[in-house]
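> predicted model, plus sequence, below.
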Amino acid sequence: MTEHPHSPGAHEQGESHDHDDHHGAGHAHGHDHPHDHPEGRLRRLAELFIGHSHDPGDSIDDALTNDRRGIRALKVSLVLLAITAVAQLAVVVVSGSVALLADTIHNVSDALTAIPLWIAFAIGSRAATRRYTFGYRRAEDLAGLFVLLMIAGSAILAAYESISRLIDPEPITNIPIVIAAGLIGFAGNELVALYRIGVGRSIGSAALVADGYHARTDGLTSLAVVAGALGVAAGYPLADPLVGLLITAVILVVLKQATGQMLGRLMDAVEPELVEQVETIATSVPEVQSVDRLRVRWLGHTLEASMAITVDCDMTVSEGHRVSEEVRHRLLHEVRRLDTAVIHVNPCGHSGLDAHELTRHHDSLAGHASSEVAHRGPA
């Protein structure tokens, strides 16, 4: 089994395999980077017409660029959310609105979730080591656990404040200011949502996209604050704490969704359609008779896949390697955010020999199950 960690579009069949062991995400198409040798200048000239780069240095640059873009998005969104929260907190002090207080608390917690993601992006760009041989991309997923704790904490605090105001009501003053603050909260969160989602999709970071949707939900809760203030103005004083409880319920919904996503990532869950795509691409290579033991997982905002392909047992080692490289090449081109493809080549059994006789007794039940689930011959 040969492992070829590489960012999508890293190199074409037949090029050198002396690459770094750690590359980030990013399918480098049309990126121009300087080279200090004739071959590099020729490649750059070719890229002017082909529009496609296979230099491993490009994928490293793309990985670092994606990490920097993620960090920049978190910095900008952190500042925007902080400004929004401070503006709302000032109105809370003046008006005494518990619904606005609940919304402000949620906005503060949302702003703080940017910090662990920021750290995770910084750590994730580090090269793999002898101890952490897969690199540090998993830090991005672990940061999601802190995000979950912050969301849960904001839900508890918002519920406590709302129930307290139901038991011991306090009048709301300056209702027009409360309404204005709610609209400010919506606008600030929606701007952050658009920015985070856009950058997250661009660099392939599900965590950043999810955090963007979290911000969008915060914006909707700010609109709920406006509804509560309008209810108080219409003569229903309990509308404010009741809306605070509604916001708590919305936060819990966000928590449920985020928990499912984060725990799925930590358990290496992927969309079945993605597995189907990888399988279809691998079996599209004419010499591949079947694919089994197919596994795909996310590491941060990059994907890695491993599989075993069956080829004609009469092939030479070089021919089998050529087929595996063709499979890997197609995967890196067609599967977005794929960083690593590990491909094991199995000989077919028409010779009557059992190629796995030596290790057959080591096969686990899980291994057999994986083989049954992810096995398909050519169409």
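Cool, the structure landed.

> what's the residue nearest the centre of the chain in contact with, if anything?
Among the residues of the chain, the one closest to the centroid is A206, at 2.3 Å (C-alpha atoms, centre = their mean). If you count contacts by C-beta atoms under 8 Å, 6 or more residues apart in numbering, A206 has them with 200, 261, 265, 298, 301. Quick note: C-beta positions are derived from backbone N, CA and C, even for glycine.

> go again with 7 Å.
Applying C-beta atoms under 7 Å, 6 or more residues apart in numbering, we find A206 in contact with 298, 301.

> and the helices in the chain?
38-50, 56-95, 98-112, 114-124, 138-167, 175-203, 206-233, 239-266, 272-283, 317-334, 365-373 (DSSP state H).

> pick the most deeply packed of the ones you listed.
helix 98-112 (a mean of 27; mean count of other C-beta atoms under 10 Å).

> I'd like the average pLDDT over that one.
The average pLDDT within helix 98-112 is 70.

> I'd like the helices of the chain as CSV, with distance to I309 appended.
As requested, the helices of the chain are exported to CSV (distance: least, C-beta to C-beta, whole Å):
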stretch, distance to I309
helix 38-50, 28
helix 56-95, 24
helix 98-112, 45
helix 114-124, 30
helix 138-167, 27
helix 175-203, 30
helix 206-233, 28
helix 239-266, 27
helix 272-283, 6
helix 317-334, 6
helix 365-373, 13
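
> what's the least confident stretch among the ones you listed?
Mean pLDDT, when computed for each of the helices of the chain, is lowest for helix 38-50, at a mean of 38.

> return the distance of L81 relative to L194.
13 Å (C-beta to C-beta, to the nearest Å).

> give me phi/psi at G349?
When quoted as degrees, to the nearest 10, the phi and psi of G349 stand at phi -110, psi 20.

> now the farthest one out in this protein, which residue is it?
G235 (46.0 Å).

> re the thing from before, joint contacts of L81 and L194?
Shared contacts of L81 and L194 (C-beta under 7 Å, 6+ apart): none.

> before we move on, back to that, for the helices of the chain, which one sits closest to L353?
Proximity to L353 (C-beta to C-beta) singles out helix 317-334 among the helices of the chain, at 15.4 Å.

> just checking, what packs against that closest one?
The helices and strands touching helix 317-334, judged by 3 or more C-beta pairs under 7 Å, 6 or more residues apart in numbering; DSSP states H and E, are helix 272-283, strand 302-311, strand 338-347.

> thank you, goodbye.
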